[in-house]
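**Student:** give me a 3D structure for the following:
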Amino acid sequence: ITTMLGVGNIGLYAGLYTYLKPRSEINTWVGAVVGAIPPVMGWTAAGGSILDPEAVLLGSTLFLWQFPHFFALNWMYRTDYKRGGFS
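**Tutor:** Next up is the predicted model:
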């Protein structure tokens, strides 16, 4: 399971997330999934199940954290984003 999560996460990041990043706001949602998978990988590597409440809590916490994290960075670097053509 851990290997499948890792390979899938690499594909999701290198494929969909990277492609969407300069094209769509949906990349933030995809990036949140990418950020949520590593702690679940750690849980499964330690012998837990992907459906354990702890794995769900870890993944959900990281998934939800991605949005305030991105919004804070977006606000801090709003001038740079505008210079780069993002509004």
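**Student:** from now on I want contacts and neighbour counts done on CA atoms only, so please keep to that.
**Tutor:** Will do.
**Student:** what is the rounded mean pLDDT of the helix or strand hosting Gly11?
**Tutor:** Using DSSP states H and E, Gly11 sits in helix 2-11. The pLDDT scores in helix 2-11 average 98.
**Student:** that helix: which residues count as buried?
**Tutor:** Thr2, Leu5, Gly6, Asn9 (16 or more other Cα atoms under 10 Å).
**Student:** for the first one, give me its contacts.
**Tutor:** If I follow you right, that is Thr2. Counting by Cα atoms under 8 Å, 6 or more residues apart in numbering, Thr2 makes contact with Met41, Gly42, Thr44, Ala45.
**Student:** from the chain's centre, how far out does the one helix or strand the third one maps to sit?
**Tutor:** Secondary structure assignment for Thr44, by DSSP H and E: helix 26-45. A distance of 5 Å separates the centroid of the chain from that of helix 26-45, by Cα atoms, centre = their mean, to the nearest Å.
**Student:** circling back: which of the contacts of Thr2 tops the neighbour count?
**Tutor:** With neighbours taken as other Cα atoms under 10 Å, the top of the contacts of Thr2 is Met41, carrying 23 neighbours.
**Student:** report the contact partners of that residue.
**Tutor:** Ile1, Thr2, Leu5, Gly6.
**Student:** ok, back up a step: may I have the helix or strand that the helix holding Thr44 is followed by as CSV, with CA atoms only?
**Tutor:** Once the chain leaves helix 26-45, the next helix or strand it forms, by DSSP H and E, is helix 53-76. Only the C-alpha atoms of helix 53-76 are listed here, as CSV (Å, rounded to 0.1, in the frame of the first residue of the first chain):
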residue,chain,number,x,y,z
PRO,A,53,-9.0,6.6,12.0
GLU,A,54,-5.5,7.8,12.7
ALA,A,55,-4.6,7.7,9.0
VAL,A,56,-7.7,9.5,8.1
LEU,A,57,-7.0,12.2,10.8
LEU,A,58,-3.4,12.6,9.6
GLY,A,59,-4.4,12.9,6.0
SER,A,60,-7.3,15.2,6.6
THR,A,61,-5.3,17.5,8.8
LEU,A,62,-2.6,17.9,6.1
PHE,A,63,-5.2,18.2,3.4
LEU,A,64,-7.0,21.0,5.2
TRP,A,65,-3.8,22.7,6.2
GLN,A,66,-2.8,23.3,2.6
PHE,A,67,-5.4,26.0,2.0
PRO,A,68,-4.5,28.5,4.7
HIS,A,69,-0.8,27.7,4.0
PHE,A,70,-1.3,28.6,0.3
PHE,A,71,-3.5,31.6,1.0
ALA,A,72,-0.8,33.0,3.4
LEU,A,73,1.9,32.5,0.9
ASN,A,74,-0.3,34.0,-1.9
TRP,A,75,-0.9,37.1,0.3
MET,A,76,2.8,37.5,1.2
